[in-house]
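Engineer: Sequence and predicted model, in that order:
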Amino acid sequence: MSYSIPKGDKKYSFAEYMAMEEKSVERHDFYYGELFAMAGATAIHHQICQNINAALINKFKREGCFVSLEGVRLELVEENFYLYPDIFLTCDEQDKKNNLFKKFPSIIFEVLSESTALYDKEVKLQYYKRIESLRYYVLVSQKEIMAEVYSRIDDSKIWKYQTFESIDEIIEFDRLGFILPIATIYDSIGFEDIL
């Protein structure tokens, strides 16, 4: 997804944000009083998201987990920072009780675009790493075959970084008992469509 820059100097309270989101056709990220409208995505972005979403649902739905595809808010800082990741998975019992937003994801996927790459790789990464329940953060390119995976080591604050750049590779999410072939991520997308 891409973002439009907010106009004006108005700051919104969390209550105002929640009330506006309930009525709005567009979705907005909320960052310390500022609203950022989410713009549309490319067909390739959407296909990649659908492919990952289907793989997660196939594996985790029977386990009572929740998979969000571009539509559910994630709370990063209570009443101050909320956003809509492209895809995330939560199996936490506490998240089952909250219908407005989730707080305890175990894996988050963001599909990179030119307008969001820096935001996804720097700002979101910084905040996502603070989520104690998060085990994996995955950045997926829509311009080339490339997935960047940040994996939390044990329950520490140390993260391992890996890249996957071949269609034949498989990402192993050991702590979740889940594997995701790169071929699955890019299913129905040819190189001619990506470049």
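Structural biologist: Structure received. Numbering: from 1, shown residues only.
Engineer: Tell me, how many residues neighbour Val72?
Structural biologist: For Val72, the neighbour count with other C-beta atoms under 10 Å is 19. Placement of C-beta: from N, CA and C, glycine included.
Engineer: which residues touch it?
Structural biologist: By C-beta atoms under 8 Å, 6 or more residues apart in numbering, the residues touching Val72 are 84, 88, 101-102.
Engineer: Show the contacting residues for the spatially closest residue to Arg175 that is not a sequence neighbour.
Structural biologist: The shortest distance from Arg175 to any non-neighbouring residue, by C-beta to C-beta, 6 or more residues apart in numbering, is to Arg135 (4.8 Å). If you count contacts by C-beta under 8 Å, 6+ apart, Arg135 has them with 106-107, 151-152, 173, 175-176.
Engineer: Now with 7 Å, please.
Structural biologist: 106-107, 151-152, 175-176 (C-beta atoms under 7 Å, 6 or more residues apart in numbering).
Engineer: repeat for Arg73
Structural biologist: Contacts of Arg73 (C-beta under 7 Å, 6+ apart): 82-84, 100-101.
Engineer: nearest spatial neighbour of it, skipping sequence neighbours?
Structural biologist: Excluding the flanking residues, the one nearest Arg73 by C-beta to C-beta, 6+ apart is Phe101, at 3.9 Å.
Engineer: my read: the one you found touches Leu74, true?
Structural biologist: Yes - if you go by C-beta atoms under 7 Å, Phe101 and Leu74 touch, sitting 6.5 Å apart.
Engineer: Which one's more surrounded, those two?
Structural biologist: More crowded of Phe101 and Leu74, by other C-beta under 10 Å: Leu74, with 24 against 16.
Engineer: element containing the more buried one?
Structural biologist: Element membership for Leu74, per DSSP states H and E: strand 73-77.
Engineer: Between Phe101 and Leu74, which contacts overlap?
Structural biologist: Contacts common to Phe101 and Leu74, judged by C-beta under 7 Å, 6+ apart, are Tyr82.
Engineer: Mind checking which of the contacts of Arg135 are buried?
Structural biologist: Burial by neighbour count, judged by 16 or more other C-beta atoms under 10 Å, picks out 106-107, 151-152, 176 from those.
Engineer: Distance-wise, check the residue nearest the centre of the chain relative to Leu125.
Structural biologist: Taking C-alpha atoms, centre = their mean, the centroid of the chain lies closest to Pro85, which sits 3.1 Å from it. Per C-beta to C-beta, to the nearest Å, Pro85 is found 12 Å from Leu125.
Engineer: Could you do Arg27 as well?
Structural biologist: 21 Å.
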